[in-house]
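**Q** generate a structure from the sequence data that follows.
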Amino acid sequence: MRIIAGQYRGRVLKTPRGLKIRPTLSRVRESLFNILASRIKNSCFLELYAGSGSVGLEALSRGSRQVVMVEADRLIARILSDNITRLDSRGTVAEIKVCSAWQAIEQLAGQKAKFDIIFLDPPYYKQAETKLWETEGRLDRLMAPQGLLILQHSSRESIPGRWAGCRKLRSRKYGETTLTFFEALPD
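**A** Numbering: from 1, shown residues only. Sure thing, here's the model as predicted:
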């Protein structure tokens, strides 16, 4: 797996062996960042279920000023840390939180953190759990004004028009993977 574009273009990222994570395919990442092109520079970017960090590190490479990546598995988080070190990203802010997405949402909301872009790619088999976030962990609390929430999910799964305190804008399908874009509901 490689960084596609930006300052760290071509850098190789380590990924864990086996099927423990499902990295976002290069063509999906490329499409995602083509959509986000006008928003990524100087953005604050949050990646939940980061895995190897391919999406967050791509955001960093393309000019995000701050990237927070959340990964619950300590072994995978160690690989993610190695990937950040390999980029030699002096002067940038890349932070790893080793905890569940639920815990990170609560921590960040307590710190009044705001993100321009929130990307989450929970394991497809866990996606039914994410519907509980509508009441338990509203992601809209972490969104900056005009912020975007992007959910990567199985194309077989139907996502409601309102979710996690947000309103669906559009979905883009890439074979078995779909990216669904949301904005915060007005107060």
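**Q** now residue 93: how far from residue 68?
**A** Remark: distance between residue 93 and residue 68 (CB to CB, to the nearest Å) = 8 Å. Just so you know, the C-beta spots here come from the backbone N, C-alpha and C atoms, and that holds for glycine as well.
**Q** where does pLDDT dip in this protein?
**A** Counting by pLDDT under 70, the ranges of the chain that qualify are 18-24, 88-92, 124-137, 187.
**Q** and residue 63, that one's in a helix?
**A** No: counting by DSSP: H, G, I helix; E, B strand; the rest coil, residue 63 is not part of a helix but coil.
**Q** which ones are touching it?
**A** The contact partners of residue 63, by CB atoms under 8 Å, 6 or more residues apart in numbering, come to 6-7, 40-43.
**Q** the strand or helix carrying residue 96 pairs with which strands?
**A** Following DSSP states H and E, one finds residue 96 within strand 93-97. Note on strand 93-97: by DSSP bridges, its sheet partners are strand 66-70 (parallel).
**Q** mind listing what's buried along the partner strand?
**A** For strand 66-70, the buried set under the neighbour-count rule, 16 or more other CB atoms under 10 Å, comprises 66-70.
**Q** check stretch 168-187 too.
**A** For stretch 168-187, burial by neighbour count (16+ other CB under 10 Å) applies to 168, 174, 177-182, 184.
**Q** now find how far off-centre that stretch is within its chain.
**A** The chain centre lies 13 Å from the centre of stretch 168-187; the measure is CA atoms, centre = their mean, to the nearest Å.
**Q** stretch 76-83 now?
**A** Averaging C-alpha positions (CA atoms, centre = their mean) puts stretch 76-83 15 Å from its chain's average.
**Q** in the strand holding residue 96, which residues are buried?
**A** Of the residues in strand 93-97, those scored as buried under the neighbour-count criterion (16+ other CB under 10 Å) are 94, 96-97.
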